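whatever this is, show me its structure:
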Amino acid sequence: MEKYTEWKKEIEKIISQVEGKVCVNFYDLNKNNGFSINGNEKVLSASMIKLLILAELLKKASENKFSLSDTITITNFMKTEGDGVLKELNTGHHFTLKELATLMIIVSDNQATNILIDFLGMENINLLGKELGLKESFLGRKMMDTEARKNGYDNYTCADDISLLFKLIYQEKLINKEASQLMLDILLRQQQGERLQRYLPSDIKIAHKCGDLDNLENDGGIIWLGGKAYISVILTNGMPNLQCKQTIGKISKFVYDKMEE
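Residues are numbered from 1 along each chain as shown. Prediction:
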């Protein structure tokens, strides 16, 4: 569509003003149309890969391999640094799989994530990525595993992959209707809002997942605007974190304003 060509040009102007790499995928869920800029480029995923872990958990639960109300006891061996609350708690607490999944998404809890990776198996998570048609998404290491990073193992994705996941969730086709609805419910409670929402109204309805590393900020999700809904995925790296966040915010605000017209 002609208007998307114009939007794309405007976003490319914003991107040209920064030194780093920016990947964008926009998709209008009402019109089933959109565009991407560097959308198929493989980049470090940071915590965005947690979307795939959540999907694998719900897939196995839907196959009755276990129940989301099954519990795992937290041990000292599981301690993981970085984002999250589990690392602050005493060992011996019991958490359901659903609670661990919720913590993994809404506060990006790394310890909850690593527990779920061990529980599900890295190979199974990556196999689901292939089954879903993801091209560049791969879980190569656990969260905060600096040794694995030194040895060249890491977690990757691309803007087009993240957009596809959100499209499947919105269409209630990710695993099945129940799994998609549960994913959406958890993603709507995401507590980190300084990227896509940076310059948007504070009461915006958004279901999203973000991630960050040094000089890297990623965010992607579904934004509702009146009767409209659209997907915005913006992955940035190669510049200071604040500049990454501001760039995501600017592009997100541009798209929001255009959708509001």
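
make it CA atoms for all contacts and neighbour counts henceforth
Will do.

start to end distance for stretch 137-149?
End-to-end span of stretch 137-149 (C-alpha to C-alpha, to the nearest Å): 16 Å.

for that stretch, buried residues please.
Using 16 or more other C-alpha atoms under 10 Å as the test for burial, stretch 137-149 gives 137-143.

quick check, nearest of the residues you listed to Leu127?
Using C-alpha to C-alpha, Phe138 is the member of the buried residues of stretch 137-149 that sits closest to Leu127, with 9.2 Å.

returning to what we had before: tabulate the buried residues of stretch 137-149 (a markdown table), appending secondary structure and pLDDT.
Converted to a markdown table, these look like this (DSSP: H, G, I helix; E, B strand; the rest coil; pLDDT from 0 to 100):
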| residue | secondary structure | pLDDT |
| --- | --- | --- |
| Ser137 | coil | 99 |
| Phe138 | strand | 99 |
| Leu139 | coil | 99 |
| Gly140 | coil | 98 |
| Arg141 | coil | 98 |
| Lys142 | coil | 97 |
| Met143 | coil | 96 |
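
verify the contact between Ala55 and Leu174 for me.
Yes - contact between Ala55 and Leu174 holds when scored by C-alpha atoms under 8 Å: they sit 7.5 Å apart.

is Gly39 in contact with Asp160, as I believe?
Yes - using C-alpha under 8 Å as the test, Gly39 is close enough to Asp160 to be in contact (5.0 Å).

higher neighbour count, those two?
Just comparing Gly39 and Asp160: by other C-alpha atoms under 10 Å the higher neighbour count belongs to Asp160, 27 against 23.

ok, and the more buried one, which helix or strand is that part of?
Of the helices and strands defined by DSSP states H and E, Asp160 is found in helix 159-170.

can you pull out the strands in the stretch 101-250 of the chain?
Using DSSP state E, counting those that start in this stretch, the strands of the stretch 101-250 of the chain run over 156-157, 205-213, 216-225, 228-237.

what residues sit buried inside the third one?
So that's strand 216-225. Of the residues in strand 216-225, those with enough neighbours to count as buried (16+ other C-alpha under 10 Å) are 216-224.

any chance of JSON lines for those residues, columns distance to Arg195?
JSON lines is the format used below for these (distance: C-alpha to C-alpha, whole Å):
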{"residue": "Leu216", "distance to Arg195": "12"}
{"residue": "Glu217", "distance to Arg195": "8"}
{"residue": "Asn218", "distance to Arg195": "8"}
{"residue": "Asp219", "distance to Arg195": "7"}
{"residue": "Gly220", "distance to Arg195": "9"}
{"residue": "Gly221", "distance to Arg195": "11"}
{"residue": "Ile222", "distance to Arg195": "13"}
{"residue": "Ile223", "distance to Arg195": "13"}
{"residue": "Trp224", "distance to Arg195": "16"}
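
can you put the residues you listed in JSON lines and add distance to Lys253 and pLDDT?
Written out in JSON lines, the entries for the buried residues of strand 216-225 read as follows (distance: C-alpha to C-alpha, whole Å; pLDDT from 0 to 100):
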{"residue": "Leu216", "distance to Lys253": "19", "pLDDT": "99"}
{"residue": "Glu217", "distance to Lys253": "16", "pLDDT": "99"}
{"residue": "Asn218", "distance to Lys253": "15", "pLDDT": "99"}
{"residue": "Asp219", "distance to Lys253": "13", "pLDDT": "99"}
{"residue": "Gly220", "distance to Lys253": "13", "pLDDT": "99"}
{"residue": "Gly221", "distance to Lys253": "14", "pLDDT": "99"}
{"residue": "Ile222", "distance to Lys253": "14", "pLDDT": "99"}
{"residue": "Ile223", "distance to Lys253": "11", "pLDDT": "99"}
{"residue": "Trp224", "distance to Lys253": "13", "pLDDT": "99"}
